[in-house]
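Participant: quick one, structure for this:
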Amino acid sequence: MTDALSPAGDRWQLRFERRLAHPPEKVWRAITEAQHLNRWYPFTAAAIDLRVGGRILFRDEEGTELHAEITELVPPKAFAFTEHDEETGVHELRLELEPDAEGCRLIFTHTFADDTWAAQTETGWQHCLDALTRAVEQVG
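Facilitator: Reported below is the predicted structural model:
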């Protein structure tokens, strides 16, 4: 397990690395299919148009909508999207899967403009990635 915050040009990046005991194809479903994504991601995916340029509509517990655009889609290797938040700006999220002998390695990066809330965000993502590990178990 590797977690790190570092500068990324004029922005900041949180990078997480996890080893998962499942093949990339199974993890891919957990990160791109709404019924599985909703088990670990901090917002509910109300709609996903799974293609580069496609939109993802997320909703939080209060019903506030958050819009994202898919920027990379290389099954079962890479899934990336940008979220547009009125308060905190543009967030770039990328999930990369690399096969290994025991399943795969997940590399998750979150790039954003302001590091003032990075510690809180890091803790939140750690919980989400723990939930992802459990969510993959439920993928058929």
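Participant: tell me which other helices or strands the host helix or strand of E72 touches.
Facilitator: Taking DSSP states H and E as the criterion, E72 maps to strand 65-74. Using 3 or more CB pairs under 8 Å, 6 or more residues apart in numbering; DSSP states H and E as the contact test, the elements touching strand 65-74 are strand 55-59, strand 78-85. Where C-beta positions appear, they are placed from N, C-alpha and C, glycine not excepted.
Participant: in CSV: those strands, plus mean neighbour count, distance to A113 and mean pLDDT.
Facilitator: As requested, the helices and strands packed on strand 65-74 are arranged in CSV below (neighbours: other CB atoms under 10 Å; distance: least, CB to CB, whole Å; pLDDT from 0 to 100):
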stretch, mean neighbour count, distance to A113, mean pLDDT
strand 55-59, 17, 19, 95
strand 78-85, 17, 10, 94
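Participant: longest helix anywhere in the chain?
Facilitator: If each helix of the chain is counted by residues according to DSSP state H, the longest one is helix 118-137.
Participant: next one: that helix to chain centre, how far?
Facilitator: Here helix 118-137 shows a centroid-to-chain-centroid distance of 9 Å under the convention CA atoms, centre = their mean, to the nearest Å.
Participant: what's next to it, contact-wise?
Facilitator: Counting by CB atoms under 8 Å, 6 or more residues apart in numbering, helix 118-137 makes contact with 3, 5, 12, 14, 16, 18, 20, 22, 26-27, 30-31, 36, 39-42, 106, 108, 110, 112, all of which sit outside it.
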